[in-house]
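>>> 3D, please:
(chains A and B)
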Amino acid sequence: MTDLAKKRFAQLGQQLQLDQLTAVRRQAEGWRNGLTGLTGLVGVVFVLKGRESVAGMPAVWRWTTAALLVSAFVLLLIGALGAVRAAHGQLGQRTWLTGDRLFAAVLDEVERTQDALTAARRTSVVGLCVIVAAVAVSWAVPADDSKEPATAVPHVLVVTADGPRCGELMAGDTRTLTLKVAGEKDKSGGRTPAAGEWRSIPLDQVRSITPVRGC
Amino acid sequence: MPDHVATDFREYEPPVPPTDTFDVVRSEDGRWYTVTGPCPTCRATVVFRVAYGVLGPTKRLLGRGRRAPEPLTGSIPVYCQCGYPHAERPPESPDSGCGAFWEVPVPAPGPGTST
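This is a model prediction of the structure:
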């Protein structure tokens, strides 16, 4: 009885010894393409992002987000370079091209390629996780200016000949400046509904105008 | 004994004569074995090399701790690579021998041992 499969696999093994570097490079190219696609996927998934910039976040979280994004960039850069190195080899590697040394060099390079690919895969995955963490932070952290309405009219402090006046700047032309001056507080501490009293100040009485956060 | 017997090409597993001895030598770095011995069919001395290969990315952390692979156990299937022309060998055959193949048991770990 002849088990030819035994011989065929022995032949395949002998052939793989010669072709293994090519096979590993091809494998690394597939992995590199996969990792690149995975990195691009983040951009697709986070189309529905919450915040456009880190401005307005508390300083601690702003720096945390910045550190996460820088770390992610470094990790993804290392991962991309590692994947390219695995797929195309290290520049400048040389060896004596005798049969034995070439055989040993091929085995060495196969191991180095596998190591580079493993490191690239890990750094890419960690980098992606860090990006997700950075985006999650920007989603979850409340903004500093969330208490101030976005449509608030700026307050100004106007110093006139009669004294300072503070209020919302409502209008201004070449002759007068119109302020909406806050009314007096009622007993419950809130402002009265008719709090907004409009005051027109002639421009010739205005000494200075200073924007302020509130009156 | 002649160096080589011009047998017809035939892929089969002949019995290995008990008087035949094979050197199974592991390389210094442990990454390949070299089997040397006579072909049971055509009697040419055959040198057969088997390397340690990888089939997928490694699981080691950052590639540290690289070491020689575990010693091979069991036997190594060997086929004739005598390099002589043999009649009836198909032109498309990748063989470079008489077609015979056989198994050589791997001795217990220890470089330079032979069976």
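>>> would you state the strands of chain A in chain order?
Ranges of strands in chain A, per DSSP state E, are A:155-160, A:163-172, A:176-181, A:197-202, A:206-212.
>>> so can I have JSON lines of these showing mean neighbour count?
All C-beta spots, glycine's among them, are computed from the backbone N, C-alpha and C. Converted to JSON lines, the strands of chain A look like this (neighbours: other C-beta atoms under 10 Å in any protein chain shown):
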{"stretch": "strand A:155-160", "mean neighbour count": "17"}
{"stretch": "strand A:163-172", "mean neighbour count": "15"}
{"stretch": "strand A:176-181", "mean neighbour count": "18"}
{"stretch": "strand A:197-202", "mean neighbour count": "14"}
{"stretch": "strand A:206-212", "mean neighbour count": "11"}
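>>> now for those strands, which one comes closest to A:Gln17?
A:Gln17 lies closest, by C-beta to C-beta, to one member of these: strand A:206-212, at 78.0 Å.
>>> can you say which of the strands of chain A is nearest to chain B?
Evaluated with C-beta to the nearest C-beta, the strands of chain A place strand A:206-212 nearest to chain B, the distance being 55.9 Å.
>>> domain ranges for chain A?
Chain A breaks down into these domains under automatic domain parsing: A:4-143, A:155-212.
>>> and the ones you listed, which is most packed in?
domain A:4-143 (a mean of 16; mean count of other C-beta atoms under 10 Å in any protein chain shown).
>>> what about that one, distance to the chain center?
For domain A:4-143, the separation from the chain centroid amounts to 19 Å (computed by C-alpha atoms, centre = their mean, to the nearest Å).
>>> so who does B:Asp29 touch?
Applying C-beta atoms under 8 Å, 6 or more residues apart in numbering or on different chains to B:Asp29 gives the contacts A:104, B:68.
>>> sec struct for it, please.
coil (DSSP: H, G, I helix; E, B strand; the rest coil).
>>> how about B:Gly30: what's its closest non-neighbour residue?
Nearest residue to B:Gly30 in three dimensions, chain neighbours excluded: B:Ala68, at 3.1 Å (C-beta to C-beta, 6 or more residues apart in numbering or on different chains).
>>> near chain B, which residues of chain A?
Taking C-beta under 8 Å from any C-beta of the partner chain as the contact definition, chain A meets chain B at A:2-4, A:6-7, A:9-11, A:13, A:15-17, A:20, A:24, A:27, A:31, A:103-104, A:107, A:110-112, A:114-115, A:117-119, A:121-122.
>>> let's have the domains of chain A in TSV, adding distance to B:Pro91 and mean pLDDT.
Below are those laid out as TSV (distance: least, C-beta to C-beta, whole Å; pLDDT from 0 to 100):
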stretch	distance to B:Pro91	mean pLDDT
domain A:4-143	16	87
domain A:155-212	93	75
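>>> let me see the ranges of the strands in chain B.
Assigned by DSSP E, the strands in chain B fall at B:23-26, B:32-38, B:45-51, B:75-79, B:101-105.
>>> can you tell if the fourth one touches chain A?
Right, strand B:75-79. Yes. Using C-beta under 8 Å from any C-beta, strand B:75-79 reaches chain A at B:77-79.
>>> of those - the most surrounded one?
Each of the residues of strand B:75-79 next to chain A was scored for neighbours by other C-beta atoms under 10 Å in any protein chain shown, and B:Val78 scores highest at 25 neighbours.
>>> of all the strands of chain B, which one is nearest A:Ser208?
A:Ser208 lies closest, by C-beta to C-beta, to one member of the strands of chain B: strand B:45-51, at 86.7 Å.
>>> in that closest one, what counts as buried?
Neighbour counts over strand B:45-51 (16 or more other C-beta atoms under 10 Å in any protein chain shown) mark B:46, B:48, B:50-51 as buried.
>>> close to chain A as well: tell me which of those qualify.
Contacts with chain A within these, counted by C-beta under 8 Å from any C-beta: B:50-51.
>>> give the burial count for the residue nearest to B:Ala100 when sequence neighbours are not counted, as a bare number.
Nearest residue to B:Ala100, sequence neighbours excluded (C-beta to C-beta, 6+ apart): B:Thr41, at 4.0 Å. Applying other C-beta under 10 Å, we find 22 residues neighbouring B:Thr41.
>>> again with B:Gln81
B:Gln81 has 17 neighbours, counted by other C-beta under 10 Å.
>>> mind listing what it touches?
Here B:Gln81 is in contact with B:46-48, B:95-97 (C-beta under 8 Å, 6+ apart).
>>> B:Pro17 too?
B:Pro40.
>>> how confident was the prediction at it?
We have a pLDDT of 94 for B:Pro17.
>>> make sure B:Gly99 is actually in contact with B:Glu11.
Yes. Assessed by C-beta atoms under 8 Å, B:Gly99 is found in contact with B:Glu11 at 4.3 Å.
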